[in-house]
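Asks: Sequence first, then the predicted structure, then my questions.
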Amino acid sequence: MFRRLILDNSAAIFTFVAFVTAASIYVACTWRALRMKRAQVERFENLPFETATPPARHEITSA
Amino acid sequence: MSAQKITIEFNDKVVRQFLLATLIWGIVGMLVGVLVASQLNFWQANFNTEWLSFGRLRPLHTNAVIFAFVGNMMFAGIYYSTQRLVKARLASDFLSALHFWGWQAIIVAAAITLPLGLTRGKEYAELIWPINIAVALIWVVFGVNFFWTLARRREPSLYVAIWFYIATIITVAMLYIVNHLSLPTSFTHSYPIFGGVQDALVQWWYGHNAVAFFLTTPILGIMYYFIPKAAERPVYSYRLSVIHFWSLVFLYIWAGPHHLLNTSLPDWLQTLGMTFSLMLWAPSWGGMLNGLLTLRGAWHKLRTDPVLKFMAAAVTFYGMATFEGPLLSIKAVNALGHYTDWIIGHVHAGALGWNGFMAAGMIYWLLPRLWNKPLHSVGLANVHFWLGTVGILLYVAAMWVSGITQGLMLNATTDNGTVLAYPNFLDTLNSIRPLMLMRVIGGSLYLVGFLILGYNMWMTLRGAAPVNGSIEVFADEEEHAPAGARMGVLATLFNPPVLFSVLAFGFSCVWMFGNDAISVAGLAGTIICTVAAIAHFESRGKSWADWYERLLVNAAPFTILTFISVAVGGLIQIIPTVVVQKAANIEDRLQLRYTPLELAGRDMYVREGCYTCHSQMIRTLVPDVLRYGAYSRLGESIYDHPYQWGSKRNGPDLARVGGKYPNVWHLRHMEDPRALSQGSNMPSYAQMLKSDLDISTLPTKIAVQRTLGVPYPAWTADEIKRNVAEQSALIAADLKTAGAYVAPEKEIIAMIAYLQVLGKSEPVNKPGVPAQ
């Protein structure tokens, strides 16, 4: 099964496969990200603010 | 839903504990770092004490900074942000406490065993097997506590920071377990089950991804939570964070072989490692820009807020380090930079700039909130920032210049490339001494900055009362994903996107690795699968989208798919290597197995951490061959458990040092390196002339080596003892002839035996393969 790895100098195929694999991942996740609805994006990006955090008092005094 | 509300109090006690541990271990790790940096410039700083020698302390420094400093910081950040993002208290106070105290016990155990020379001899994986098991168990405790908390969450959606935490937990577990598979020979010693090239590949699959999934992904999660909180505005682009996550998680795992470029690692692996590393540029910089642009409209705050100062600088250093990493992964650049201080500069841009500054920013943000008291001094925090920044710049600039100088000098040739311009390795070492001193100064400034943080923290905490955060939730709010969006394991795996991806990937593996007709069938299958997937997506695209949407609110399926995406890269690289690259298939040259005495010497070589300064890998590069001899063949280290190819040359390569010098030269050199190599910075190993060699464990060690496939005969303990005595007597007699008397039972005899066998191999003549 893996005999080619020893006998062949097949560097080109691995460069190509690596590029195609990475490009597929980029395209797929970019597609999904762009298809997210605006409301959904806003909901996600505001999750850190749903739990109020008290301001540090030095920040209040220095503001 | 009922209108009745209840208050949930978060477990911030464990966050405070991890925060304090971060600072304490951070200072310890940096202090050891300054010491080992000094030792490289002033050999006297080894204090002629074996447990303070560079080879033993350097692993202590790296382990302390990675696992103690960044580890504790990561746990603090993950526990603080996760509770708030999922609106649930940590699932178990007991598991939280066990996690904290277990992790500290591991760190203490590491701090004791590493200086004692108890090591596995693999970078960032030096800890001995009982500690490995403890690490795995405590990591499981962490994972159970984390996922149990997710299961009890009141927020169905998983914020992107949680994604990064999930990827961290499962990937680190996978990497750690595989790279630490060992067979024990005693309670404190073991041999890794992989040897030679297999061990090298697995080690750097682990080593590189320890950087990726221990030092990067959790800190990115922390970045995605704390920068928006500190800047008081949402992340610049949530869409970009989605792309950042999936592309980073999928691609990072393939890049490990870039640590082994131009070595005897098979070419296809080097090609994959280099190509995937180059493609990491995109997600890394996408993430960096996302972090920096989150500060849009808040840049003015950097003037007054030390938290944002630290975080903005940290993200900038992340960008610098992740630009430099792919650059160094280009084979031609790597030929110059590998084994030199350039790599050290690159690593510290990440560790000091990215990890250290994110830690500092997070600590300054959390301190007043976890103890409900203003920070003692904002001015001191600003002093810390500037000291740290100047320290990093001095450090990194010094290492860049030093590394490029080393690389250029070691590779320089004259007479049309046939003669080395600087044949003496020490010429390069003595050229970079001022730069090494500059590194010590830079590192010290950085350490002073953290001491100031310690003082600031101490003054802030004096008289302060710890306070736990809380949140009000509806009493009957669902504790997990809404019923309609739930997804089981079957639905996770048996759906068009996963099935098409798995099939396409399987066929492309057959195409890559198969022979003749099988390869063609694999190519055909890949094409058919891709076309079918596109056609299916065209007609049933909604089912693909629905599956993804449900994934975002289902922690378990999300985790399974993340695991698959990180496991694929490792499997495709490791399985063929383990199947093919073994002694039975070796052509050209095959390593001679070590005699019992040489094996004992090798264990001492590992014990003393010689691999931290000496490589055993002559690369396929003309200057390497001119300097050290014929390039290293894959078969010449096939029996090495662990492999010792090394990653840094503070001293020359030793792959073919065997027979280069007489025995007495090695004796004198180990006793006092400067007696023979004027200007050397190597510690003295004079204690090896005094200590008796312990051969009581050799029968067990050889039995384990046999189990691992090293072709030792079934010797009895007496035969091994006799074998050791005979070879020791020969070396001792040779030394006596040369005018040096050493008793044959001393450790130095075994070390000489090992050094003298390095590079010795036998030719392998197979039909159809030309002998070399």
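Replies: Alright, I've got the coordinates.
Asks: Return the helix or strand in the chain with minimum mean pLDDT.
Replies: In the absence of a named chain, this looks at chain A. Across the helices and strands of chain A, mean pLDDT, DSSP states H and E gives its lowest value to helix A:57-62, namely a mean of 52.
Asks: hmm, I had chain B in mind actually
Replies: helix B:489-493 (a mean of 73).
Asks: Output that helix in CSV with nothing but the alpha carbons.
Replies: The C-alpha atoms that make up helix B:489-493 are tabulated as CSV, following Å, rounded to 0.1, in the frame of the first residue of the first chain:
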residue,chain,number,x,y,z
VAL,B,489,-24.1,10.8,17.5
LEU,B,490,-25.8,9.2,14.5
ALA,B,491,-27.0,12.5,13.2
THR,B,492,-23.6,14.0,13.8
LEU,B,493,-21.8,11.4,11.7
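Asks: tell me what the helix or strand just after it is packed against?
Replies: Moving toward the C-terminus from helix B:489-493, the next helix or strand (DSSP states H and E) is helix B:496-513. For helix B:496-513, the packing partners by 3 or more Cβ pairs under 8 Å, 6 or more residues apart in numbering or on different chains; DSSP states H and E come out as helix A:11-35, helix B:516-551, helix B:555-580. C-beta here means a position set from N, CA and C on the backbone, and glycine is covered the same way.
Asks: from those helices, which stretch is densest packed?
Replies: Mean neighbours per residue, mean count of other Cβ atoms under 10 Å in any protein chain shown, is largest over the helices and strands packed on helix B:496-513 for helix B:555-580, with a mean of 19.
Asks: Measure how far the direction of it deviates from that of helix A:11-35, in degrees.
Replies: 180 degrees (axes from the mean of the first three to the mean of the last three Cα atoms, to 10 degrees).
Asks: same for the host helix or strand of B:Leu393, what does it pack against?
Replies: In the assignment (DSSP H and E), B:Leu393 maps to helix B:378-411. Contact partners of helix B:378-411 among helices and strands, from 3+ Cβ pairs under 8 Å, 6+ apart: helix B:306-328, helix B:331-337, helix B:341-348, helix B:357-371, helix B:425-431, helix B:433-461, helix B:622-628.
Asks: Next, the contact list for the most centrally placed residue in chain B, please.
Replies: By Cα atoms, centre = their mean, the mean C-alpha position of chain B lies nearest to B:Gly207, the distance being 3.3 Å. Counting by Cβ atoms under 8 Å, 6 or more residues apart in numbering or on different chains, B:Gly207 touches B:123-125, B:179, B:256, B:259.
Asks: separation between it and B:Ala134?
Replies: 20 Å (Cβ to Cβ, to the nearest Å).
Asks: cool, and B:Gly417?
Replies: Taking Cβ to Cβ, one finds B:Gly417 at 52 Å from B:Ala134.
Asks: okay, those two: which has more neighbours?
Replies: Legend: neighbour count by other Cβ atoms under 10 Å in any protein chain shown for B:Gly417 and B:Ala134, higher for B:Ala134 (17 against 11).
Asks: That one touches B:Trp103, doesn't it?
Replies: No. Using Cβ atoms under 8 Å, B:Ala134 makes no contact with B:Trp103, being 9.2 Å away.
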